[in-house]
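> give the three-dimensional model of this entry:
(one chain, ligands or ions: 2)
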Amino acid sequence: MFSVSNLVAAVVGLLVASVPINAQVSPVVTEQGNVANTFSLSDVALTSSRWQENEGRTRTYLKFVDVNRMLYVFRANHKLSTNGAAQNGGWDAPNFPFRSHMQGHLLSGWAQCWATNKDTTCRDRAVAFVVELRKCQHNNGAAGFTAGYLSGFPESDFVNLEAGTLTNSNVPYYAVHKTLQGVLDVWRYTGDSTAKTVALALADWVDSRTSKLSYDRMQSVLNTEYGGMNEVLAQIYLMSGSTKYLNTAKRFDHAAKFTPLLNNQDTLNGNHANTNIPKWIGAAKEYKATGTTSYLTIAKNAWTITVNAHSYAIGANSQAEHFKAPNAIAGYLKEDTAEACNTYNMLKLTRELWQTDPTNTAYFDFYERALINHLLGAQDPSSSHGHITYFTSLNPGGHRGVGPAWGGGTWSTDYNSFWCCQGTNIETHTKYADSVYGFDASTLYINLFTPAVLNWSARGITVTQSTTFPASDTSTITITGGGNFAVSIRIPGWTSGASILVNGAPAGVSANAGSYAKISRTWSSGDKIEVKLPMWFRKIAANDNASLAAIAFGPTVLCGNYGSSTLSANPSLSLNTLKRSSSTSLAFTGTANGANVNLVPFFNGQGFNYAVYWASPSPTKITGSKLCAIPWANVLGRTGQVRSVKIL
Ligand SMILES: *[C@@H]1O[C@H](CO)[C@@H](O)[C@H](O)[C@H]1NC(C)=O
Ligand SMILES: *[C@@H]1O[C@H](CO)[C@@H](O)[C@H](O)[C@H]1NC(C)=O
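Ligands and ions are numbered 1, 2, ... in the order given. Presented below is the predicted three-dimensional model:
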């Protein structure tokens with residue numbers, strides 16, 4: 001029987017002799033166009049919070065999942081013994097067309113768990129898995145495959161894809177993208193040289209297949225979902241310095257999708273969302289690899305179009321996995337809205353774009369909105385393995401984990417789901433720490449109000465953020481070690497009257513909503529920054545119907561708890577009955593359809609039927625001394641409905 005621990009011992013022994021296994025590997029080529037950067041996951045760790053609880057549940061699964069089972073489809077395909085392992089079900093079953101997509105997410109998850117948590121079990125699993133993948137590549141001759149090939153399905157699917165004769169519903173480059181990204185993450189975060197070898201061999205295989213095709217033939221290959229092949233190959237170029245990977249990346253530029261975006265045309269209607277968003281991240285990465293500004297224009301236009309014209313109040317997009325007409329929201333509040341993968345990918349895109357424009361708060365306003373209101377609650381807090389829902393229903397009486405049977409019908413399971421979104425959620429919940437802070441040569445950016453410790457080793461300082469945000473409107477940032485630099489704090493568009501204290505005294509900087517408040521000084525060890533971001537009720541109307549709206553408190557979208565009652569329509573909520581019923585937790589009451597309803601954060605909306613959108617929430621505008629109107633433009637960077645709200 002295959003033994004992970006023996007293998008790990010052997011591999012660890014080898015690596016200790018050459019490079020330290022713990023060493024994160026930096027890219028050989030520096031990215032262009034980044035005005036600021038986010039920190040590496042290995043520099044930041046979460047502390048006690050809901051985010052950390054989610055991270056812990058996913059980590060438990062990462063340490064539980066049977067490695068032999070997850071190798072089954074690779075070994076079977078590459079004609080190696082499956083060592084008596086059980087077969088998986090769901091999207092990793094031996095007859096599922098794009099089996100083997102999940103394992104790349106696990107590799108990324110293990111690598112991220114090692115980077116942020118310094119969890120050696122996660123690291124050792126990643127490294128041991130990569131050794132077995134290398135054995136699969138080594139057996140390609142015997143299996144009848146060409147050099148470097150690595151997947152759970154036959155290479156003939158690529159032959160058919162290229163010839164236009166693929167008929168088994170496979171999306172073969174989609175799966176290869178996950179594997180490539182997974183081994184790249186292991187290489188990057190652990191320094192494992194076998195991971196580098198596997199990644200480059202697989203990337204070489206992609207180069208050799210695609211270099212033989214004419215431009216037109218390759219463009220027709222791109223009509224089949226291919227994940228972020230352009231992005232991962234651009235990353236491999238940056239990591240290795242070899243331009244052949246950049247040339248290979250560019251072959252995955254889908255002209256039919258990029259041209260309208262370059263011209264700022266919204267042609268997303270009817271497009272499969274998760275097929276397209278990864279291409280845009282690829283455009284952002286190709287901009288950073290080449291400096292060619294048209295790539296950045298494509299990525300920025302795609303982001304703006306999607307955030308402003310295709311997103312629900314919770315920051316998610318799509319219904320039945322597809323984009324609809326611009327601003328068409330009200331007619332699509334169904335069971336199968338808000339596919340988790342799309343939001344995971346939008347956040348990756350957001351992070352890339354923020355780095356190019358770090359004083360624009362729209363990027364992290366969106367990041368916060370989608371992370372808190374969609375992805376945080378897509379994990380079931382009662383599942384010790386952090387199981388997730390594929391869609392997040394927005395229909396009246398919706399219920400997470402209940403929906404169309406083929407995808408979101410239940411919470412995911414240990415071995416019988418392996419949907420795309422189970423894979424991306426493994427990554428989401430192990431990388432919350434990667435976007436809390438950012439930096440440039442002279443500035444520390446506080447982008448998210450998440451309890452997390454940063455080791456800013458270049459300056460020899462530690463930054464500790466403590467908060468119960470979003471239940472509390474205050475966050476405290478403590479600096480250990482000192483020096484002369486600026487701290488730039490995102491003042492979200494949803495607040496009003498924000499204030500900042502340094503060591504108890506007003507910081508003396510402006511803190512307007514929708515800007516970064518910048519405090520420049522010489523910091524001493526123990527200095528404390530207290531940020532207060534007053535929260536108000538906000539009405540977030542559907543783009544196409546002002547009489548249909550979600551209600552948020554500060555950044556947090558609320559939902560009505562309807563228990564097991566069914567709802568046939570969006571309930572009508574009386575806004576002036578809304579009250580916060582606890583000073584420490586986010587608990588609210590109100591009157592809807594004439595009856596009392598308890599409202600809670602939507603991220604806590606599991607296990608009951610809920611309402612997120614309300615019909616005719618009235619009054620539409622409240623005026624008076626205890627009221628605050630927040631321009632919608634501050635919230636989404638978009639003009640339109642301004643919704644007032646009552647301070648309680
Ligand atoms: C910060 O990171 C540096 C470099 O990796 C390391 O040497 C140091 O021990 C870390 N400090 C803390 C407080 O973790
Ligand atoms: C807008 O939504 C409200 C509440 O659901 C509904 O009564 C109304 O018919 C909708 N308006 C349009 C134009 O669809």
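
> hmm, Ala507 is touching Ile500, no?
Yes - under the criterion of Cβ atoms under 8 Å, Ala507 makes contact with Ile500 at 4.1 Å. (C-beta placed from N, C-alpha, C; glycine too.)

> what is in contact with these two at once?
517, 519, 529 (Cβ atoms under 8 Å, 6 or more residues apart in numbering).

> is it possible to get a markdown table of those that adds neighbour count and pLDDT?
What follows is these, written out as a markdown table (neighbours: other Cβ atoms under 10 Å; pLDDT from 0 to 100):
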| residue | neighbour count | pLDDT |
| --- | --- | --- |
| Ala517 | 20 | 98 |
| Ile519 | 20 | 98 |
| Ile529 | 22 | 98 |
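
> of those residues, closest to ligand 1?
When the shared contacts of Ala507 and Ile500 are compared for distance to ligand 1 (Cβ to the nearest ligand atom), Ile529 wins out at 19.3 Å.

> how close does the closest residue to ligand 1 within the stretch 51-200 of the chain get to Ser108?
The stretch 51-200 of the chain approaches ligand 1 most closely through Lys118 (9.5 Å), counting by Cβ to the nearest ligand atom. Counting by Cβ to Cβ, to the nearest Å, the gap from Lys118 to Ser108 is 17 Å.

> same deal with Trp419?
16 Å.

> tell me which of those two has more neighbours.
Each of Trp419 and Ser108 has its neighbours counted (other Cβ atoms under 10 Å); Ser108 has more, 26 against 23.

> helix, strand, or coil at the more buried one?
Under DSSP: H, G, I helix; E, B strand; the rest coil, Ser108 falls in the helix class.

> how about it, nearest residue that isn't a chain neighbour?
Distance criterion Cβ to Cβ, 6 or more residues apart in numbering; nearest residue to Ser108, sequence neighbours excluded, is Asp185 at 4.4 Å.

> quick one: average confidence on the helix or strand containing the one you found?
Per DSSP states H and E: Asp185 is located in helix 172-190. Average pLDDT, helix 172-190: 98.

> what is it packed up against?
helix 102-117, helix 120-138, helix 156-163, helix 193-210, helix 229-240 (3 or more Cβ pairs under 8 Å, 6 or more residues apart in numbering; DSSP states H and E).

> ok, now which ones touch the residue nearest to Gly386 when sequence neighbours are not counted?
The shortest distance from Gly386 to any non-neighbouring residue, by Cβ to Cβ, 6+ apart, is to Arg57 (3.2 Å). When contacts are counted by Cβ under 8 Å, 6+ apart, Arg57 touches 379, 381, 383-386, 429.

> change it to 7 Å
Counting by Cβ atoms under 7 Å, 6 or more residues apart in numbering, Arg57 touches 379, 383-386.

> kindly report the same for Ser240.
So Ser240 contacts 28, 200 (Cβ under 7 Å, 6+ apart).

> measure it to Trp187 for me?
For Ser240, the distance to Trp187 - Cβ to Cβ - is 10 Å.

> and for Arg57?
In terms of Cβ to Cβ, Arg57 sits 27 Å off from Trp187.

> again with Gln219
Taking Cβ to Cβ, one finds Gln219 at 30 Å from Trp187.

> same question, Ala517
Counting by Cβ to Cβ, the gap from Ala517 to Trp187 is 38 Å.

> cool, and Trp494?
Applying Cβ to Cβ to Trp494 and Trp187 gives a distance of 39 Å.

> neighbours of whatever residue of the stretch 1-150 of the chain ends up closest to ligand 2, how many?
Nearest residue of the stretch 1-150 of the chain to ligand 2 (Cβ to the nearest ligand atom) works out as Arg50 at 31.5 Å. For Arg50, the neighbour count with other Cβ under 10 Å is 22.

> can you give me the buried ones in stretch 92-99?
92-93, 96-99 (16 or more other Cβ atoms under 10 Å).

> domain parsing for the chain?
1-30+65-252, 437-532, 537-646 (automatic domain parsing).

> closest one to ligand 2 among those?
domain 537-646 (3.5 Å).

> re earlier: element containing the residue nearest to Gly386, please.
Applying DSSP H and E as the criterion places Arg57 in helix 50-64.

> quick one: mean pLDDT for that helix?
So the average pLDDT for helix 50-64 ends up being 98.

> repeat that for stretch 75-89.
98.

> could you dump the shared contacts of Ala507 and Ile500 to TSV with distance to ligand 1?
Listed next are these as TSV, based on distance: Cβ to the nearest ligand atom, whole Å:
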residue	distance to ligand 1
Ala517	27
Ile519	23
Ile529	19
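
> in strands, which of these appear?
Counting by DSSP state E, the part of the shared contacts of Ala507 and Ile500 found in strands is 517, 519, 529.

> who touches the second one in this structure?
Meaning Ile519. Ile519 touches 486-487, 500, 502, 507, 509, counting by Cβ under 7 Å, 6+ apart.

> from what I can see Thr248 touches Asp207, true?
Yes - using Cβ atoms under 7 Å, Thr248 makes contact with Asp207 at a distance of 4.4 Å.

> mind listing what's buried in stretch 601-618?
601-606, 608-617.
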